[in-house]
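Visitor: Please find the sequence and the predicted model below.
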Amino acid sequence: MVKTRLLNSISSNLTSKGLTESPNPDLLVDLAIKTEKKKDYSNTNVNLSTVWGKKWRFRTGVGKPYSKQINYTEGTLIIHLVDRAKDVLVWKGSGSGIVKEESLKKENIAMGINKILESYPPQ
């Protein structure tokens with residue numbers, strides 16, 4: 001399902017730039033997708049303070065460090081455009097981001113593909 005969304009979005013983007021699909025194309029589109037599980041840590045320090053006594057003296061409590069591990073998946077999409085006759089790479093673009101259920105929606109995939117392909121064709 002995600003692969004179909006990627007291919008449809010790439011096709012739509014390239015068509016809007018004047019390219020057409022063909023059974024015998026001059027330009028081939030090659031995709032590479034890489035995902036990697038990663039960890040990050042969120043560190044905070046919790047400080048406790050109290051007020052006591054008749055003269056309102058302040059006493060600072062002990063700070064307690066707090067660390068939380070955050071697990072996530074980072075995904076990278078690489079698009080190669082290859083000259084079929086010469087078998088030469090003519091353009092390469094890529095994009096990376098955190099993979100979540102929301103990022104796999106059709107409209108989010110289209111935004112990502114548009115961002116990657118905004119520099120095609122090269123000036």
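Guide: Sure thing, it's come through.
Visitor: all contacts plus neighbour counts: C-alpha atoms, from now on.
Guide: Fine.
Visitor: For the residue minimising distance to the centre of the chain, give me phi and psi.
Guide: In the chain, the centroid-proximal residue (C-alpha atoms, centre = their mean) is Gly97; its distance is 1.5 Å. Torsion angles at Gly97 (phi, psi; degrees, to the nearest 10) stand at phi -180, psi 170.
Visitor: So what sits opposite it in the bridge?
Guide: The bridge-partner assignment for Gly97, based on DSSP bridges, gives Gly75.
Visitor: which parts of the longest helix seen in the chain are buried?
Guide: Determined from DSSP state H, the single longest helix within the chain is helix 2-16. Going by neighbour count (16 or more other C-alpha atoms under 10 Å), the buried part of helix 2-16 is Arg5, Leu6, Ser9, Ile10, Ser11, Ser12, Asn13, Leu14.
Visitor: Kindly report the same for stretch 85-93.
Guide: Those would be Trp91, Lys92, Gly93, for stretch 85-93 by 16+ other C-alpha under 10 Å.
Visitor: Which one of the residues you listed is nearest to Glu107?
Guide: Comparing those against Glu107 with C-alpha to C-alpha places Gly93 closest, at 19.3 Å.
Visitor: all strands of the protein, in order?
Guide: 27-52, 57-83, 88-98 (DSSP state E).
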